[in-house]
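Novice: what's the 3D shape of this:
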Amino acid sequence: MQNTAYLGLGSNMGHKRQNLEYAIEAIDSIEGINVTKCSSFYDTEPWGKTDQEYFLNAVIEIITHLPPQELLKKLQEIEIKMGRQRLEKWGPRNIDIDILLYGDEVLDGQELKVPHPHMRHRLFVLIPLREINSAIKFPDDGMDIEEVLIRAEAREETKITKT
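Specialist: Residues are numbered from 1 along each chain as shown. Next up is the predicted model:
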């Protein structure tokens, strides 16, 4: 069965744009995954741990028959191949790939939570997500992207700039 999923990508180390482009190509090359849309890239202030370089972020839409946990494993393999080290929470990274949404699934597992638990508060996720699908609704409560984005903009002060 084919599912539409949305992935958030970010990088704030090294050649950020090349890191994102490489990760997107690597995702698209996985058997059972087809990248169908990619947002613009956005320069973003760091979130959570703010004393670090700005991030470059994007959101992609994929079509996949891989189950969510297998998709997560494949994405983590790409992160490891690209040299990702998980040294500190919200710390600098050359690549970060998150599953934001996976079809209409709501998952609350140890390793994977969908919708992504922090995405409603992150403009660097919501703005590019809306760019590639302005009709998206959150599967857990049915809220649409515009409503979630308005709420996030009201409380979020992170600077985000389309590149």
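Novice: which residues in the chain form strands?
Specialist: In the chain, the segments counted as strands under DSSP state E are 3-11, 33-38, 42-44, 55-64, 96-102, 107-108, 113-114, 160-162.
Novice: how far off strand 3-11 does the fifth one point, in degrees?
Specialist: What it means is strand 96-102. 150 degrees (axes from the mean of the first three to the mean of the last three Cα atoms, to 10 degrees).
Novice: Take the strands of the chain and lay them out in CSV including distance to Leu71, mean pLDDT and mean neighbour count.
Specialist: For every residue, glycine as well, the C-beta is placed using N, CA and C. Formatted as CSV, these follow (distance: least, Cβ to Cβ, whole Å; pLDDT from 0 to 100; neighbours: other Cβ atoms under 10 Å):
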stretch, distance to Leu71, mean pLDDT, mean neighbour count
strand 3-11, 7, 97, 23
strand 33-38, 7, 98, 16
strand 42-44, 23, 93, 20
strand 55-64, 6, 97, 23
strand 96-102, 6, 96, 22
strand 107-108, 11, 89, 12
strand 113-114, 10, 90, 18
strand 160-162, 26, 87, 14
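Novice: Take the ones you listed and write them to TSV, including distance to Ala26.
Specialist: As requested, the strands of the chain are arranged in TSV below (distance: least, Cβ to Cβ, whole Å):
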stretch	distance to Ala26
strand 3-11	11
strand 33-38	10
strand 42-44	20
strand 55-64	12
strand 96-102	9
strand 107-108	23
strand 113-114	21
strand 160-162	24
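Novice: do you know which of those lies nearest Val125?
Specialist: Val125 sits nearest to strand 3-11 of all the strands of the chain, at 5.0 Å, using Cβ to Cβ.
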